[in-house]
Each structure stands twice: as C-alpha cells, then as structure tokens.
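Undergrad: make a model of this:
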Amino acid sequence: MGVTVTDFANVRERAAELRLTLSSDLAILPRHFSSATSAADLVHEADAATLRKLLNNAGLDVQQLEPPGGRLPSVVQKSADWISPTIFVGSLLLTQNPYAIQVALNVLASYLTDFLRGRPSGGTARISIVVERTNRKTYKQVSYEGPPSGIKDLASVLTGLRDE
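TA: Sure, this is the predicted structure:
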C-alpha cells in the first residue's frame with residue numbers, strides 16, 4: 001500500500017478558469033484538470049458516472065464537473081488496475097461532516113472489491129483525492145495505490161490534512 005501527499009492547484013480558481021461550475025464540496029474532477037489550457041482538453045474517467053451514482057445512492061451530494069450546458073467525453077484506459085477519477089473534497093465537508101468522507105471511502109472500497117474480484121493478486125486500485133484545507137488557500141492531493149481494503153484507512157489521512 002502506498003499513500004503520497006502532494007500540493008495541488010486551487011480547485012475553485014481552476015474550475016472558474018476552465019468555466020466549470022463547482023457547486024458542491026464533493027466533486028469528481030476530470031482528467032487533466034490541473035494542466036488543461038481549456039475545457040476542450042478535459043475528459044472524464046470511464047467510471048466517473050458510475051462513481052457519482054454510487055455516492056449519490058449512498059446519500060452523498062456529489063457533482064461531476066461539466067461545462068455549462070455541455071458534457072465532457074469519457075475515456076477508457078485498459079489496465080489490470082482500476083484508476084479512479086480524481087475526487088475533490090471541500091473543507092466545509094471535512095469540517096462539518098467528516099462522516100461523509102468515511103461513507104464515500106466505504107462505498108468506493110466495496111465497489112472496487114467487487115470490480116477487482118478474480119484478478120491476479122486481487123487487483124490494484126489507484127485513487128486520487130484532492131483536499132481543500134481549512135484555510136482555503138492550499139490544496140493537497142492524496143494518492144493511494146494498493147488493495148481496495150486499504151481505501152477505508154484514507155479517512156484519517158484526509159481529516160489530518162484539514163487542519164495541518
């Protein structure tokens with residue numbers, strides 16, 4: 001299992017630059033979000049819509065970033081591993097409802113356990129979560145690579161970043 005924490009672009013400013021509406025403290029970011037020169041460079045991971053539906057069914061208000069009046073294309077990447085769409089967690093959600101983070105991670109871990117069942121060595125999940133720190137000036141990206149069972153343990157890493 002590997003967890004790394006790195007700096008990330010200001011998600012709220014970046015969404016505005018790309019003319020994407022960010023109206024939720026839990027959102028699925030498109031691929032190339034931090035480096036795209038325009039919304040035309042963005043695509044969603046193949047499982048972004050599935051993940052949004054699973055989280056919504058668990059009672060979480062999650063948004064998939066899209067341009068106003070349009071939809072971004074999806075991209076399928078063939079791999080023995082499962083590569084997550086990048087998930088954004090706003091500071092308000094972290095401070096006012098940290099239980100929602102655990103629910104989201106549990107939903108994700110359960111889905112991936114089923115999805116990767118039967119793969120050699122149980123399969124590997126690669127997950128990226130961007131956390132807005134409480135001071136709203138910095139953003140951290142938590143990247144995880146390992147078995148689905150380790151996903152549930154990310155909650156303590158995420159909440160630890162909130163006040164760091």
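
Undergrad: now the helix or strand Arg14 falls within: how far from the chain's centre is it?
TA: Using DSSP states H and E, Arg14 maps to helix 11-17. Centre-to-centre, helix 11-17 and its host chain are 16 Å apart (CA atoms, centre = their mean, to the nearest Å).

Undergrad: repeat for stretch 117-137
TA: 7 Å.

Undergrad: any idea how far apart the tips of that stretch sit?
TA: Taking CA to CA, to the nearest Å, the span from the opening residue of stretch 117-137 to its closing residue is 40 Å.

Undergrad: for it, buried residues please.
TA: Of all the residues in stretch 117-137, those buried under the rule 16 or more other CB atoms under 10 Å are 123-125, 127-132. Every residue, glycine included, has its C-beta placed from N, CA and C.

Undergrad: give me the lowest-pLDDT entry from those.
TA: For the buried residues of stretch 117-137, the weakest pLDDT value sits at Gly123, with 72.

Undergrad: would you confirm that it contacts Thr113?
TA: No - here Gly123 does not reach Thr113: they are 9.0 Å apart, not a contact under CB atoms under 8 Å.

Undergrad: what do the two both touch?
TA: Pro148 (CB atoms under 8 Å, 6 or more residues apart in numbering).

Undergrad: following element in sequence after the lowest-mean-pLDDT helix or strand in the chain, please.
TA: Between all helices and strands in the chain, the lowest mean by mean pLDDT, DSSP states H and E belongs to strand 82-83, at a mean of 70. As assigned by DSSP H and E, the chain's next helix or strand after strand 82-83 is strand 86-89.
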